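Visitor: Provide a 3D model corresponding to the input given below.
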Amino acid sequence: MTHMEKTTEMNGHVDSPSCTIYGLDEVNRQLEEKPTPWQRAVGFFKRNMLVILTVSGVLIGVGIGMAVRKLNLSATQITYFAFPGEILLRMLKMIILPLVVCSLISGAASLDTRSLGKLGGIAIGYFLITTLIASAIAIALGFIINPGEGAGALNSNSLGLQDTVPVNKEPVDSFLDLIRNLFPSNLVVAAFRTSATDYRTAIKNLPTGNLSYEKIPVSTEIEGMNILGLILFAVILGIALRKLGREGEELIRFFNSFNEATMLLVSWIMWYIPVGIMFLVASKIVEIEDVVLLVTSLGKYIIASIIGHFIHGMIVLPLIYFVFTRKNPFSFLLGLITPFATAFATCSSSATLPSMIKCIEENNGIDKRISRFILPIGATVNMDGAAIFQCLAAVFIAQINGVALNAGQIFTILVTATAASVGAAGVPAGGVLTIAIILEAIGLPTKDLSLILAVDWIVDRTTTVVNVEGDALGAGILHHINQKEMKKVQQKSSHLNAEAIPNCKSEAETSPLVEYKDLACTPTSVTDPESKESIL
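Guide: Okay, the predicted model is just below:
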């Protein structure tokens, strides 16, 4: 009987008509479900609808801007025309504060102190090295292309520019402002004001009867979010909550929930990005008075900046990513088209941060603990594109004034640009303020900064794209290193499990990463709250 059952089971596909019919039905059903080319096209559009709409918004914005230029709109009409783009910028800036604070607190609280230190060390090393490389590329291009050659006769009046340049600030005061902003005196005020040095002149009567004038630095506050101070406070608060153990768990859950709610708001805002980008690009094209004169006069400087951004963004950064991960960097970047389009349109790393966090987690699978910890810091500290822009501007202004830069001045530009980019505001035209610091450091006049401001609206777009690309690839590298370390820890844990059971109590004190399977020893294996999520 058993033999007959086995025979029937083995030959069921021949002897049983029901099985034959079921097999044919299954095949027919699979053939019917095979998508047609039209269905594949519709599915592709649905999956990439936001990316397609964003890129289309940029292209349509260029077309609308070129068409509306012919209408010669007044300044008031241009303001009304740019209103939808202004709404996008306001929404993105609105979400920055809760996003940065909550993501950093939850990210720092989810990592143990040792992992946090190692993660931060690797990130800072990556930021410094890539910024130094970017600065070196910019200086090399400045001497190869000579963007200031033939532009010595330019002045602000010939281009119809205003002679409004930033107040000359001493380099030491700029770095002191950076340190002051790391330690805000009031967290509420830090949400909308930042520390900046101003100067007052003191007049003294000398014994000889002459007057002595002394410029005294005075710490003041100006409009703008103190993002550096908020970042430092959020990271330290996250570490403190982690150290509290169970007492801090409720507050950590609160910030995690707040963070998820913020990301949901970001996903809603992103659907307005195509419309806002279209009007931002169109209004900027309408605002420029004489594009042809501007490009022909400062064309070499514009081309040199764009070439520098292309070399760093398409060769250097992808190469660094490939060396560390052995993965295709361009497939990684392909999932970030929407943040790149947002960066191109808004010229703001901070405004791009919400869409960057969402896309890098959903499209590229980056660990939330890494993306929400590194990207807010990178948006403030890592400014590769700005370093290229600033170094080229310094070389350009030196060439305009007929100054031959020596080795000491070149080294000063490298160091100052790398350090100044840390404090550069992640807002439109934020890098122009740091160029004044570089010019002061090498003894060049700042009167020609208005020429840089004239083309800033062009160069700042590729600058911001390279800035956010460096942040994204840095997060990808850290995610890869983290995954490798986690695999090593898991292999080590599985290898030690068999040896650890006989002497679990002594091992529990020395190897907190090991999870023992002896039920009697379970309480001792989970006493350390930091051993639950050991990263790196």
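
Visitor: Please pull out the lowest mean pLDDT helix or strand from this protein.
Guide: helix 504-510 (a mean of 39; mean pLDDT, DSSP states H and E).

Visitor: residue boundaries of the strands in the stretch 51-200 of the chain?
Guide: Using DSSP state E, counting those that start in this stretch, the strands found in the stretch 51-200 of the chain span residues 193-205.

Visitor: Any stretches of it with poor pLDDT?
Guide: 150-169 (pLDDT under 70).

Visitor: Would you state the helices of it in chain order?
Guide: With DSSP state H, counting those that start in this stretch as the criterion, the stretch 51-200 of the chain has helices at 75-81, 83-110, 113-145, 171-182, 187-190.

Visitor: Give me whichever of those helices is most buried.
Guide: Scoring the helices of the stretch 51-200 of the chain by mean neighbour count under mean count of other C-beta atoms under 10 Å gives helix 83-110 as the most buried, with a mean of 21. (C-beta placed from N, C-alpha, C; glycine too.)

Visitor: Mind putting the helices of the stretch 51-200 of the chain into CSV with distance to Ala475?
Guide: Below are these laid out as CSV (distance: least, C-beta to C-beta, whole Å):
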stretch, distance to Ala475
helix 75-81, 37
helix 83-110, 11
helix 113-145, 9
helix 171-182, 23
helix 187-190, 25
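
Visitor: Enumerate the positions of stretch 353-369 that are buried.
Guide: 353-361, 363-364, 366-369 (16 or more other C-beta atoms under 10 Å).

Visitor: show me what contacts the closest residue in space to Ile133 that isn't next to it in sequence?
Guide: Sequence neighbours aside, Val316 is the residue nearest to Ile133 in space, at 5.9 Å (criterion: C-beta to C-beta, 6 or more residues apart in numbering). Shown in contact with Val316 (C-beta atoms under 8 Å, 6 or more residues apart in numbering): 130, 133-134, 137.

Visitor: Then Arg461?
Guide: 343-345, 347.

Visitor: again with Thr131
Guide: By C-beta under 8 Å, 6+ apart, the residues touching Thr131 are 382-384, 387, 417-418, 421.

Visitor: quick one: which two of those residues are the most distant?
Guide: The distance between the two most remote of the contacts of Thr131 (C-beta to C-beta) is 13.2 Å, for Asn382 and Ala417.

Visitor: These two: which has the busier surroundings?
Guide: Taking other C-beta atoms under 10 Å, Asn382 and Ala417 do not tie; Ala417 has more neighbours (33 against 29).

Visitor: so the more buried one touches Phe389, yeah?
Guide: No. Judged on C-beta atoms under 8 Å, Ala417 makes no contact with Phe389 at a distance of 9.3 Å.

Visitor: Quick one: the strands in the stretch 201-350 of the chain, in order.
Guide: With DSSP E, counting those that start in this stretch as the criterion, the stretch 201-350 of the chain has strands spanning 211-223.

Visitor: Now do the helices in it.
Guide: Under DSSP H, counting those that start in this stretch, the stretch 201-350 of the chain gives helices at 227-244, 249-269, 273-287, 291-311, 317-325, 329-334, 337-346, 349-362.

Visitor: Just put those helices in TSV and tack on mean pLDDT.
Guide: Output for the helices of the stretch 201-350 of the chain, formatted as TSV (pLDDT from 0 to 100):
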stretch	mean pLDDT
helix 227-244	89
helix 249-269	90
helix 273-287	88
helix 291-311	82
helix 317-325	95
helix 329-334	93
helix 337-346	90
helix 349-362	90
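
Visitor: separation between Gln399 and Ile311?
Guide: Going from Gln399 to Ile311 by C-beta to C-beta, to the nearest Å gives 20 Å.

Visitor: Have a look at these two and say which one is more surrounded.
Guide: Taking neighbours as other C-beta under 10 Å, Gln399 and Ile311 compare with Gln399 leading, 22 against 19.

Visitor: and the closest residue to Ile285 other than its chain neighbours, how many neighbours does it have?
Guide: Spatial nearest neighbour of Ile285, chain neighbours left out: Gly65 (3.0 Å); criterion: C-beta to C-beta, 6+ apart. Residues lying near Gly65 (other C-beta under 10 Å) number 21.

Visitor: okay but Gly65 is in contact with Ala282, surely?
Guide: Yes. Contact criterion C-beta under 8 Å: Gly65 and Ala282 qualify, at 3.8 Å.

Visitor: so where is the stretch 351-500 of the chain shaky, pLDDT-wise?
Guide: Counting by pLDDT under 70, the stretch 351-500 of the chain contains low-confidence residues at 421-433, 495-500.
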